[in-house]
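S.K.: Build me a model from this:
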Amino acid sequence: MLSSCSSLDAMKQNYNKLLPASAVNSYIVQRGDSVWSIALELNVDANVIISSNNLKKPYVIYPSQKLIFSRKKNVSADDSILRWHAPLKGIQKPRQGNGEWLEYKEKKGEPIHSIYDGTVVVSGPDIPGYGNLVMISHPDGYLSLYAHCDKIFVNLGDPVLKGAMIANVGNSEAAYPMLRFQLRKDGKPIKTSKLTF
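M.R.: Have a look, this model is predicted:
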């Protein structure tokens, strides 16, 4: 009986490899989750989760709820469509943290700017590990993240313009004042080597 179970597991894994690129996935909501924290963890566009589950604003989810979504595989994230505004006009050049984050080590209080027009979808310490976080949804499936802020000057749902001041550099959930910045396309991080400001 045990061998048949392991055979079933192997068969299931092989079957999953054969699924089309937009195969349906699911996720069981845990305590403290939000649509945006799940999207970050799974590298999925939050709008896909929202539309696939017919969620309505303010996108309330609850523990043990099963969310379904389709995940596109091998999506090439390209930032060449838009010309971005620098998130921080710092003195020091940002460090490329693991190829998916830019880390600006600047003094506390330096202004942080929106890289493009968009709508604020997270404002505050909503996702553990990011401190005071601003997340902005931009056209064409882009999403920018600004982590470890001190003061935040935008609220959930606010429209922002390219270059607008949205927060200050801080050290919320960080060892020293810094800005960790990430740009995503369709839920997947864009490599920092491809970003130009």
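S.K.: which element follows the strand ranked longest in the chain toward the C-terminus?
M.R.: Scanning the chain for the longest strand, with DSSP state E as the assignment, gives strand 142-152. Going down the chain from strand 142-152, the next helix or strand is strand 159-160, by DSSP states H and E.
S.K.: for that following strand, packing partners?
M.R.: Contacting strand 159-160 under the criterion 3 or more C-beta pairs under 8 Å, 6 or more residues apart in numbering; DSSP states H and E are the following elements: strand 118-124. Where C-beta positions appear, they are placed from N, C-alpha and C, glycine not excepted.
S.K.: From residue 91, how far off is residue 184?
M.R.: Per C-beta to C-beta, to the nearest Å, residue 184 is found 27 Å from residue 91.
S.K.: which one of the two has more residues nearby?
M.R.: More neighbours surround residue 184 than the other of residue 184 and residue 91, with 24 against 10 (other C-beta atoms under 10 Å).
S.K.: Name the strands paired with the longest strand of the chain and say parallel or antiparallel.
M.R.: strand 132-138 (antiparallel), strand 165-169 (antiparallel), strand 179-185 (antiparallel) (DSSP bridges).
S.K.: Now do the first one, average pLDDT.
M.R.: Same thing as strand 132-138. Strand 132-138 comes out with an average pLDDT of 95.
S.K.: Repeat that for the second one.
M.R.: The predicted model assigns strand 165-169 a mean pLDDT of 97.
S.K.: which outside residues touch that strand?
M.R.: Identification of contacts with strand 165-169 by C-beta atoms under 8 Å, 6 or more residues apart in numbering yields 88, 104, 106-114, 120, 132, 134, 136, 146, 148-154, 160, 177-179.
S.K.: and those residues, which are buried?
M.R.: Using 16 or more other C-beta atoms under 10 Å as the burial test, the contacts of strand 165-169 include 88, 104, 106, 110, 112-114, 120, 132, 134, 136, 146, 148-150, 152-154, 160, 177-179 as buried.
S.K.: Tell me, how many residues neighbour residue 187?
M.R.: Using other C-beta under 10 Å, residue 187 has 22 other residues around it.
S.K.: just checking, it touches residue 46?
M.R.: Yes. With contact defined as C-beta atoms under 8 Å, residue 187 counts as touching residue 46 (7.2 Å).
S.K.: how far does stretch 172-187 stretch from start to finish?
M.R.: The first residue of stretch 172-187 is 24 Å away from its last residue (C-alpha to C-alpha, to the nearest Å).
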